[in-house]
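J.: whatever this is, show me its structure:
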Amino acid sequence: MTVPDYDVLISGGGPAGSALALALADGRRRIAVVEPRAGGPGGDARATALSEGSVRLLGALGAWPALAAEAVPIRRVEVSQQGHPGRTRIDAADEGVAALGQVVALERLGAALAGRAQAAAGVDWLAPARVVDAEPGDDDVRVTLAGDAGDGPCRARLVVAADGTGSPLREALGIATRVHDYDQTALLADIDAGGDPYTALERFSADGPLALLPGGGRRRTLVWTVAGERAAAIAALEPPDFAAAAARRLGRSVGRIEARAAPAAYPLRLTVAARTTGPRAALVGNAARTLHPVAAQGFNLALRDVCALAAALRPVADPGDAGVLAGWRRGRRGDQRRTQAFTDLLARGFHGGGLPGGAVRAGALLGLDLCAAGRHALAAQTMGLVGGLPRVGWWRLGEGP
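T.: Model (predicted):
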């Protein structure tokens, strides 16, 4: 039997793909990361909120020290409904943690993970290159690559699609997707605002939810979700007018808002793969599911999936074993469904206006604020700690059993 070129081939060198390569790298396995961009993924100035669970996993993988100095802690989260007094507050101190999460630039997150993955033992970083075909067999997958760093066929015992929502590898494997168009657009803007610099706001309005993430000092990242047909008009507002419109919806607690630049627009769709495994194949990150950004759960869920996959593969000789992949898929199903339902509920249930609906939502938030058990449950979900974390990394870094 021909020995494959690689034990694991990962299509996509973004945060999910790089994290998987890093989690798997132990010097014994041969791992390839196939990345279309020569310099690796980058150029994305957006900020993302990492849950406390993700911070712990990144620490276990050794990637957190490169991010810690520039990260901004989220010590409080406040959720409210415009025009109504009801609100819910979650405080890190009440949950026994220093921070509920951390805000980092996506570009820095990707660079930190990619840098460590490229330097890890047994990892071949093939860039620029892309997967153009994949044919699973009994013992391996025949993969066809194209690009300066990889051109022609190779074989791998397991292929992993971590190449985004439009995943070429997922398409080559013939895995279909289910798509729900929210008919919403996320407007992302870098702004200056007042208020507590360590509080993240989630504000629901008739136009859709607005999130305000700490960025250090007065700097914030605004994520404003609006109906698709209104997005172009709002995005075209002059920066002072855009800032004033956002301020009216966020309320007085943030004080004066100043927009640093025009917002970027991202149409929102829920995209879910029909299955996350196939013959000698697995899907992670946006290739598996792309969630609504309302609660910033996408990468946090992806990192738990990735680390759980690495933990499942670590003790086995054949990483493409069908039984092992099926066990990983079953084990992750609960977290995936719970997180997807959570974000979908917020996207659908807290979007749209009308006085009755707003009053009901405000009442629900007020009731949640008065219920300690409910707040703790919500905090555990947003921190990514429901059901515990995959035990990956500690075995190598000596940070736990």
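J.: shaky segments in the stretch 251-400 of the chain?
T.: Along the stretch 251-400 of the chain, segments meeting pLDDT under 70 span 294-295, 349-389, 391-400.
J.: Arg155: neighbour count?
T.: Residue crowding around Arg155 was assessed by other CB atoms under 10 Å; the count is 18. In this view, the C-beta of every residue, glycine as well, is placed from N, C-alpha and C.
J.: surely it is in a helix?
T.: No. Secondary structure of Arg155 (DSSP: H, G, I helix; E, B strand; the rest coil): strand, not part of a helix.
J.: who does it bridge with?
T.: Arg155 has the following beta-bridge partners by DSSP bridges: Arg142.
J.: can you check the one 4 residues further on too?
T.: When assigned by DSSP bridges, Val159 has beta-bridge partners Leu9, Ala281.
J.: wait, what's in contact with it?
T.: Taking CB atoms under 8 Å, 6 or more residues apart in numbering, we find Val159 in contact with 8-11, 131, 134, 136, 141, 143, 169, 173, 280-282.
J.: okay, the nearest residue to Glu229 once chain neighbours are set aside: pLDDT?
T.: Nearest residue to Glu229 in three dimensions, chain neighbours excluded: Asp183, at 7.9 Å (CB to CB, 6 or more residues apart in numbering). If you check Asp183, the pLDDT there is 90.
J.: distance of the most centrally placed residue in the chain relative to Gln340?
T.: Centroid-nearest residue in the chain: Phe299, 1.4 Å away (criterion: CA atoms, centre = their mean). In this view, Phe299 and Gln340 are 14 Å apart by CB to CB, to the nearest Å.
J.: Arg280 now?
T.: Here Arg280 is placed at a distance of 26 Å from Gln340 (CB to CB).
J.: more crowded one of these two?
T.: Per other CB under 10 Å, whichever of Arg280 and Gln340 has more neighbours is Arg280, with 24 against 17.
J.: so that one touches Val160, yeah?
T.: No. With contact defined as CB atoms under 8 Å, Arg280 does not reach Val160; the gap is 10.0 Å.
J.: what about the residue lying closest to Ala322 once chain neighbours are set aside, how many residues nearby?
T.: In space, and not counting its chain neighbours, Ala322 is closest to Pro279: 7.3 Å by CB to CB, 6+ apart. Look at Pro279: counted by other CB under 10 Å, it has 14 neighbours.
J.: quick check: Pro279 touching Asp139?
T.: No. Counting by CB under 8 Å, Asp139 is not a contact partner of Pro279; they are 10.8 Å apart.
J.: anything in contact with each of these two?
T.: Counting by CB under 8 Å, 6+ apart, nothing touches both Pro279 and Asp139.
J.: beyond the strand ranked longest in the chain, next helix or strand please.
T.: The strand that spans the most residues within the chain, counting by DSSP state E, is strand 177-192. Following strand 177-192 in sequence order, the next helix or strand is strand 199-205 (DSSP states H and E).
J.: what residues of that next one count as buried?
T.: By 16 or more other CB atoms under 10 Å, the buried positions in strand 199-205 come out as Thr199, Ala200, Leu201, Glu202, Arg203, Phe204, Ser205.
J.: torsion angles phi and psi at the residue nearest to Ala244 when sequence neighbours are not counted?
T.: Setting aside the residues directly before and after it, Ala244 is nearest to Ile257 in space (CB to CB, 6+ apart), at 7.5 Å. Main-chain dihedrals, Ile257, degrees, to the nearest 10: phi -110, psi 140.
J.: correct me if wrong: Ile257 contacts Ala193.
T.: Yes. The pair Ile257 / Ala193 is scored as a contact, 4.9 Å apart, by CB under 8 Å.
J.: shared neighbours, these two?
T.: Taking CB under 8 Å, 6+ apart as the criterion, Ile257 and Ala193 both touch Leu250.
J.: so the residue nearest to the centre of the chain, which state does it fall into?
T.: helix.
J.: report the inter-axis angle for whatever helix or strand Leu325 lives in versus strand 199-205.
T.: Secondary structure assignment for Leu325, by DSSP H and E: helix 322-349. With axes from the mean of the first three to the mean of the last three CA atoms, to 10 degrees as the basis, helix 322-349 and strand 199-205 are set at 60 degrees to each other.
J.: got the angle for helix 322-349 vs strand 177-192?
T.: Counting by the same axes, to 10 degrees, helix 322-349 lies at 60 degrees to strand 177-192.
J.: list the buried residues in helix 322-349.
T.: For helix 322-349, a neighbour-count test (16+ other CB under 10 Å) marks 324-325, 328-329, 331-332, 335-336, 339-340, 342-344, 346-347 as buried.
J.: how close does the closest residue in space to Ala16 that isn't next to it in sequence get to Leu301?
T.: Spatial nearest neighbour of Ala16, chain neighbours left out: Gly285 (3.1 Å); criterion: CB to CB, 6+ apart. Using CB to CB, Gly285 is found at 9 Å from Leu301.
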